[in-house]
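Enquirer: Generate coordinates for the sequence data below:
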Amino acid sequence: MGEEYDVVIVGAGITGCGIARELARYDLRILVVDKEEDVCCGASKANNGMVHSGYEPKPGTLKAKLNVRGVELYPRWAAELDFKLVQTGSMVAAFSEEELPALEKFLERGKVNGVPGIEIISGDEARKKEPNLSPEIIAVLWTPSAGYVEVQQVVLALAENAVANGVRFLLGAEVTDVLVEGGRVQGVVTTRGTFRSRYVINAAGVYADKVAEMAGAREFTIHPRRGTLIIFDKREGKHLSCFIGAVPGEYTKGGGPMTTPDGNPLWGPSAIEVADKEDTAVSAEDLRQVIEKDGRFIPNFPTDTVITYFSGNRPATYTEDFFIEPSAKVHGFVNVAGIQSPGVASSPAIAEMVVGIMKEYEPLHERPDFNPYRKRFVPFRERSREEQAALIAADPRFGHVICRCEHVTEAEIVRAIHSTIPARNVDAVKRRTRAGMGRCQGGFCGPRVAAILARELGVPVTAVTKKGPGSELFAGRIEDLRLEKGAAK
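Expert: Numbering: from 1, shown residues only. Next up is the predicted model:
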């Protein structure tokens, strides 16, 4: 029959983990399943981390309602879960008189949506805030409530706090069927077993329509919209503090230059419709478009300092709005789909809304022992000399720097491998520690991280992967090839 839970959540991105953490406040047995080996491996992994202020969504939509509410809730999440929330504000630029009506449109829309402090300021006023802005910018829409986060750190914080409050995570478990009997959901079948439950919450990102179809509860279609982002060297982080973008289009806010909480300039994303949900390729044309589009905002930026680039797929619906509803066809099945931008900004409010949906099914009883707090481990590089010396004295592995670009130590990598949500591959270590996120992109530390993973997991280094099965880093051992060659003579 399989293990029994009250709630199974499908998807371990920011939406699924946010819902899990908020439902953990109540007396519920909760399981989170995801097809990947780690949390934060879909759309949550591949976006710019913007906490949008809420001026762009059409009034009356779920996006408009949940975006602004999410911004209100984010400071509490950041305080309780101890992740970086950088609220620098954002700008939407007009380069000509012809673009000013668009700024006025979004100013009025922002006011209707309840965006605090929104206003239009002159180009000169904007350059007082951001001196490197183009002299051709004549006005900007300024929203001081906007900011950004490192999404992988938010997701890990949510997941760790959920686990601390009794939620179970089962990763590498792809859902292959949703069990329904008599019009009621009964659980899920995964590649790692069958799990019975009274409720299933579908937060499966680009695969949400597929999971809904399994339950006979599909009321929407997800079409992937690819976005390419470019990351530059940290030494150029001084060029910009807040986000600056173009007037939003019909399907995207347009992206633009910003600086991540860890100090890297980040440009993009683009917006390209693709047929394949797994198509995250990056073309030369994608890069050219992002550089050309975003370069006009800060024309003196040295674009030859790129250290990496990547793409992700937004799970867009054809209504261009979130789809968050209990199924009218299958009792106990809740769709949380179409969570594209402003999904990151809206995630606390989405979780709050889903809790409300669950309360409509039945009364939820709060757990008196729920602990909303999670303390992050302060990286070695951020500590004082005295604190670093104390760590090295307690564990000499803190004195062994593995990643020189980001100053990540062996002890931190070992800690990530044995953490609450354990890192099982090189990318998972990177998300937790930043090992491999620096200028050389793992060219120096990559083999060392792989060796530590092999040692700590008790597997041969040839079994270590970049991001899960099928991404093995090593084809074999050179010594074995030499022995084979010698035996063949």
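
Enquirer: which residues does Ala139 contact?
Expert: For Ala139, the contact set (C-beta atoms under 8 Å, 6 or more residues apart in numbering) comprises 93-94, 100, 103, 120-123, 126. (Each C-beta comes from the backbone N, C-alpha and C, glycine too.)

Enquirer: Neighbours of the closest residue in space to it that isn't next to it in sequence, how many?
Expert: Of all residues not flanking Ala139 in the chain, Ala94 sits nearest, at 4.7 Å (C-beta to C-beta, 6 or more residues apart in numbering). Ala94: 22 surrounding residues under other C-beta atoms under 10 Å.

Enquirer: Now do the same contact list for Ala94.
Expert: Ala94 makes contact with 100, 102-103, 137-140, 247 under the criterion C-beta under 8 Å, 6+ apart.

Enquirer: go again using 10 Å as the cut-off
Expert: 100-104, 120, 123, 136-141, 246-247 (C-beta atoms under 10 Å, 6 or more residues apart in numbering).

Enquirer: State the mean pLDDT of stretch 137-157.
Expert: Mean pLDDT, computed over stretch 137-157, is 98.

Enquirer: end to end, how far does that stretch reach?
Expert: 39 Å (C-alpha to C-alpha, to the nearest Å).

Enquirer: hmm, back to that, can you read off the pLDDT for the residue nearest to Ala139?
Expert: 96.

Enquirer: Please apply the same query to Phe377.
Expert: 96.

Enquirer: From Arg404, how far off is it?
Expert: Distance of Phe377 to Arg404, computed by C-beta to C-beta, to the nearest Å: 20 Å.

Enquirer: Quickly check the contacts of Ala139 for the two that are furthest apart.
Expert: Greatest spacing in those, by C-beta to C-beta: Leu100 and Ala126 (13.7 Å).

Enquirer: quick one, which of the two is more surrounded?
Expert: For Leu100 versus Ala126, neighbours defined as other C-beta under 10 Å are more numerous around Ala126 (23 against 14).

Enquirer: now Val247, nearest residue through space, not along the chain?
Expert: Closest to Val247 by C-beta to C-beta, 6+ apart is Ala102, at 4.3 Å.

Enquirer: Then Arg404?
Expert: Arg404 sits nearest to Phe444 (C-beta to C-beta, 6+ apart), 5.9 Å away.

Enquirer: Pro261 now?
Expert: Lys84 (4.2 Å).

Enquirer: Could you do Val336 as well?
Expert: In space, Val336 is closest to Ala203, 4.6 Å off (C-beta to C-beta, 6+ apart).

Enquirer: who are the neighbours in contact with the one you found?
Expert: Counting by C-beta under 10 Å, 6+ apart, Ala203 has contacts 9-20, 32, 34, 211, 315, 324, 334-337, 339, 350-351, 354.

Enquirer: Now intersect the residues you listed with the helices, please.
Expert: Using DSSP state H, 14-20, 211, 350-351, 354 are the members of the contacts of Ala203 that sit in helices.

Enquirer: Closest one of those residues to Gly147?
Expert: Among the ones in helices among the contacts of Ala203, and counting by C-beta to C-beta, the member closest to Gly147 is Ile14, at 15.1 Å.

Enquirer: With Asn161 as the reference, measure out to the closest one.
Expert: Taken as C-beta to C-beta, the span from Ile14 to Asn161 is 13 Å.

Enquirer: out of the two, which sits in the more crowded spot?
Expert: Using other C-beta under 10 Å as the criterion, Ile14 and Asn161 rank with Ile14 on top: 33 against 25.

Enquirer: List the contacts of that one.
Expert: 39-40, 42-45, 47, 49, 149, 151-152, 154-155, 158-159, 203, 205, 339, 343-344, 346-348, 350-351.

Enquirer: tell me the domain ranges of this structure?
Expert: Following automatic domain parsing, the chain resolves into domains at 1-83+149-220+318-376, 84-148+223-314, 380-479.

Enquirer: So which of those domains is the most surrounded?
Expert: Mean neighbours per residue, mean count of other C-beta atoms under 10 Å, is largest over the domains of the chain for domain 1-83+149-220+318-376, with a mean of 21.

Enquirer: got a pLDDT number for Ala246?
Expert: On the pLDDT scale, Ala246 gets 88.

Enquirer: got the contact list for it?
Expert: Contacts of Ala246 by C-beta under 10 Å, 6+ apart are 92-95, 99, 102, 252-256, 293-294, 296-297.

Enquirer: Then Gly443?
Expert: 405, 436.

Enquirer: In helices only, show me the contacts of Ala246.
Expert: 102, 293-294.

Enquirer: Let me know the closest of those to Lys466.
Expert: Asp294 (28.2 Å).
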